[in-house]
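A.B. asks: generate a structure from the sequence data that follows.
(one chain, ligands or ions: 1)
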Amino acid sequence: MATPHQATPPPSAESPPLVNNSNRMSNKAKELHSLVDDELIASVAWLTRLRWFAGLSVVLASWFVKIVFKFQAPYAPLSAIGACILFYNLLFFLIERRLIETSAPVRSYRWLAMSQVGLDWLAMTLLIHFSGGIESPAILFFIFHIIIASILFSPRTAYAFTCLAIVFISTIALLEHFSLLTHRPIIGYLEFPLYQNNYYVAAVLVFFSSTGLIATYLTSAIQERLRRREKEVVMLTESLQRATDRLQALNDGARTVSSTLELPQVLKRLVRNTADVIGVFACSIRLLDNTGQRLEPEASYGLSQTYLDKGPVEIENNPLARQVLSGHIINVPDVSKSSLLQYPDWAVQEGIQSILSAPLLGKDGPLGIIRAYSDKPDHFTADDESFLAAIAAQGSIAIENAMAYQVIANLDATKTTFIRTVTHELRSPVSVTRSLLRTITDGYTGQLNEQQRDILERANRRIDFLQKLIDDLLDLAAGKVEVQSKQSLEPIVLDEILQKVITRFEVPARAKGVSLEWHKETKGQPTIIHATIDGLDRIFDNLVGNAVKYTLTNGKVTLNLSHVNEGAWVTIEDTGIGISEESLGHLFEEFYRAPNARALEREGTGLGLTIVKNLVTRFGGRIAVQSTQGIGTRFTVILPRYFIF
Ligand code: ADP
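C.D. replies: Next up, the predicted model:
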């Protein structure tokens, strides 16, 4: 069996995962680590800078005391200490540069800082010894050093250094006190020596020790609190980042859901994004089958085929599925110990340790389950539960939309097939009947009296209408099939089509007393459209035919062709009966006829505009209508022009 990681498919190029969580987690650890460490590295540099100043101060101060106060002191050792400080600081400076160049681990900086403080301690102790031991005012400087060490190191190391300072000072004081070490006073500074005064020595040592320890305690406490805050800030930034990622995933999901009705595509994106954002290795969606008793895998990410094929997920035998489908989000923190799973051994083999499941709920009940699988036990938080619930809600909408679309598409296909079959069957008997009626009407079967002629004329009109209806229905059905296929388009000169249509309607328009005009504003350029001849003819035949049909005597129909940017604009304007506001909204619906049109012309299929709209859409164009009842109507067809380079 494949391990979960072997089973994880590589991210596809078409849509990169939103975030790589595992990377982010390790980045986070690095970030947290480096914040504290950066501080140490910066502090080491700061300490080196300070020490230049300290070394120089020691040298200068000893000469200053000599020249200004004329005290006698062991100037040579004091200057030597100052020089030593400068010298070892130079060494530390060089080492630090080297560490930076070689990107040394933080450990090296820690050792460097400890060595620096250790040597400083020694230098301070010698400085104190050569400036009067327990009587030296330089003893106070140790407190600064203690504070610096407490800032740099952990409380434990800081206390260790403080104790070391106390031991150093006490040793010097006691050795000098018991004359085991020569006392080196600054002669002229004190009127009488204090280093052998028991009370003085004891008091200074007690106060020095307690001040040192209190300073360590206070500084460490403040420093600890700051470090905690710093960690909190990093954690908060991290959780903010996670929240942003989740929001982005939801947003992305919403976009996918609204951008396509292709169910597999939507579900595939959902499972992948969910796994990425929750930071788990796998995610799956199972939907209820027609029986409502089984859950079938519909989309999965990160799971092996073997695991998906493990066996049917039956509601009856799967307590987890039952609980989830009843509307609960269920967290199984430890798969090996849970009694809710139907296939616990398979899950363990797959490397799954914890599972979070949320129901996909439709309007009329449960649709299925979305699951996130982790290879760590107790992985999922309350945040993850809310997120999965939100993703599940999105998934449910997508599933319902896609299902509804599928039903409509199926119905439409059935309807189209039905229309095609029936009308096809009707076509030949109607044509035969039509030509037989014509034969009788034209007198080939003998003379007709007035009444017979009248009846036959009416029969002819009805059969003509039937023929038109059949043609329209067949066109409509064929149009739908063609719209889907998008084939057989070719460059056509629109001007010629329009001219033919106008010529066709000249006689009927004149017979009705309607004037018919057509204008071209194309600056002599031909208008080429990527379409079919029949299609373009059908569009303008219908629109011009309607304009003539719904315009009364003395009215006017004007056709205009112009170029606007890349588009060909054709307007068909009439001064006819117009269309009411209410009817405008239904105009392109199949079989729709406005009441005023029905009153004027009994015959009409209400299919012409539907066919027109289908064809215009197929040719990449759009159609608009403006009308005022009783005044007139203007249809505008905009088709993209075809350019041959
Ligand atoms: P038909 O003309 O066979 O009724 P159409 O689909 O071509 O079917 O038109 C649908 C309806 O749109 C018409 O019944 C009519 O109400 C309205 N219509 C279309 N063109 C015009 C027009 N130029 N003026 C007024 N009404 C129109």
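A.B. asks: any stretches of this structure with poor pLDDT?
C.D. replies: 1-36, 253, 256-261, 479-487, 645 (pLDDT under 70).
A.B. asks: for stretch 567-585, which positions count as buried?
C.D. replies: Neighbour counts over stretch 567-585 (16 or more other CB atoms under 10 Å) mark 567-579, 583-584 as buried. In short, each C-beta sits where N, CA and C put it, glycine included.
A.B. asks: what does stretch 189-200 give?
C.D. replies: Residues of stretch 189-200 classed as buried by neighbour count (16+ other CB under 10 Å): 189, 194-195, 200.
A.B. asks: straight-line length of that stretch, end to end?
C.D. replies: This stretch, stretch 189-200, spans 16 Å end to end (CA to CA, to the nearest Å).
A.B. asks: same thing with stretch 526-536?
C.D. replies: Start-to-end, stretch 526-536 (CA to CA) is 15 Å.
A.B. asks: work out the gap between it and the centre of the chain.
C.D. replies: Computed by CA atoms, centre = their mean, to the nearest Å, the chain-centroid distance of stretch 526-536 equals 42 Å.
A.B. asks: quick check: which of the buried residues of stretch 567-585 are also close to the ligand?
C.D. replies: Among the buried residues of stretch 567-585, proximity to the ligand is found for 574, 576-579 (CB under 6 Å from any ligand atom).
A.B. asks: may I ask which two of these are separated the most?
C.D. replies: Using CB to CB, the two most remote members of those are Asp574 and Ile579, lying 10.8 Å apart.
A.B. asks: picking that back up, now the two most distant members of the buried residues of stretch 189-200.
C.D. replies: Tyr189 and Tyr200 (14.7 Å).
A.B. asks: skipping adjacent residues, who's closest to Gly545 in space?
C.D. replies: Excluding the flanking residues, the one nearest Gly545 by CB to CB, 6 or more residues apart in numbering is Phe505, at 6.7 Å.
A.B. asks: how about Lys549?
C.D. replies: Leaving aside its chain neighbours, Lys549 sits nearest to Glu601 (5.9 Å; criterion: CB to CB, 6+ apart).
A.B. asks: next, count neighbours for the one you found.
C.D. replies: 13 (other CB atoms under 10 Å).
A.B. asks: start the count at 18 instead of 1 going forward.
C.D. replies: All set: I'll call the first residue 18, so the last point we hit is now Glu618.
A.B. asks: ramachandran coordinates for it?
C.D. replies: Here is the backbone geometry of Glu618 (degrees, to the nearest 10): phi -130, psi 110.
A.B. asks: rewinding a little: restricted to strands, list the buried residues of stretch 206-217.
C.D. replies: The strands, defined by DSSP state E, take in nothing from the buried residues of stretch 206-217.
A.B. asks: Val439: which of these is nearest?
C.D. replies: When the buried residues of stretch 206-217 are compared against Val439 (criterion: CB to CB), the nearest one is Tyr217, at 121.9 Å.
A.B. asks: domain parsing for this structure?
C.D. replies: Taking automatic domain parsing as the criterion, the chain consists of the domains 22-30+277-416, 46-213, 425-502, 507-657.
A.B. asks: what about the shortest one, distance to the chain center?
C.D. replies: Meaning domain 425-502. 55 Å.
A.B. asks: same question, stretch 649-662
C.D. replies: With CA atoms, centre = their mean, you get 38 Å for stretch 649-662.
A.B. asks: circling back: pull up the overlap in contacts between Asp591 and Ile596.
C.D. replies: Common contacts of Asp591 and Ile596, defined by CB atoms under 8 Å, 6 or more residues apart in numbering, comprise Thr650.
A.B. asks: now do the strands in the protein.
C.D. replies: With DSSP E as the criterion, the chain has strands at 299-305, 311-318, 330-331, 347-349, 371-379, 382-391, 507-510, 532-538, 545-548, 573-581, 584-591, 639-645, 649-657.
A.B. asks: ok, the second one: who's next to it in the sheet?
C.D. replies: Sheet pairing here is set by DSSP bridges, and for strand 311-318 it gives strand 299-305 (antiparallel), strand 330-331 (antiparallel).
A.B. asks: let me see the residues that make contact with that strand.
C.D. replies: Outside strand 311-318, the residues that touch it by CB under 8 Å, 6+ apart are 25-26, 280-281, 284-285, 287-289, 292, 299-306, 325, 329-332, 335, 338, 385-386.
A.B. asks: for ChimeraX, what selects the buried ones among those residues?
C.D. replies: Here is the ChimeraX command that selects the buried residues among the contacts of strand 311-318 (16+ other CB under 10 Å):
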select :25,280,284,285,287,288,289,292,299,300,301,302,303,304,305,330,332,335,338,385,386
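A.B. asks: what subset of the contacts of strand 311-318 is also close to the ligand?
C.D. replies: Okay, of the contacts of strand 311-318, nothing touches the ligand (CB under 6 Å from any ligand atom).
A.B. asks: so what's Gly541 up against?
C.D. replies: Contacts of Gly541 by CB under 8 Å, 6+ apart: none found.
A.B. asks: how close does it sit to Thr575?
C.D. replies: Computed with CB to CB, to the nearest Å, the distance linking Gly541 and Thr575 is 20 Å.
A.B. asks: likewise Leu377?
C.D. replies: Per CB to CB, Leu377 is found 57 Å from Thr575.
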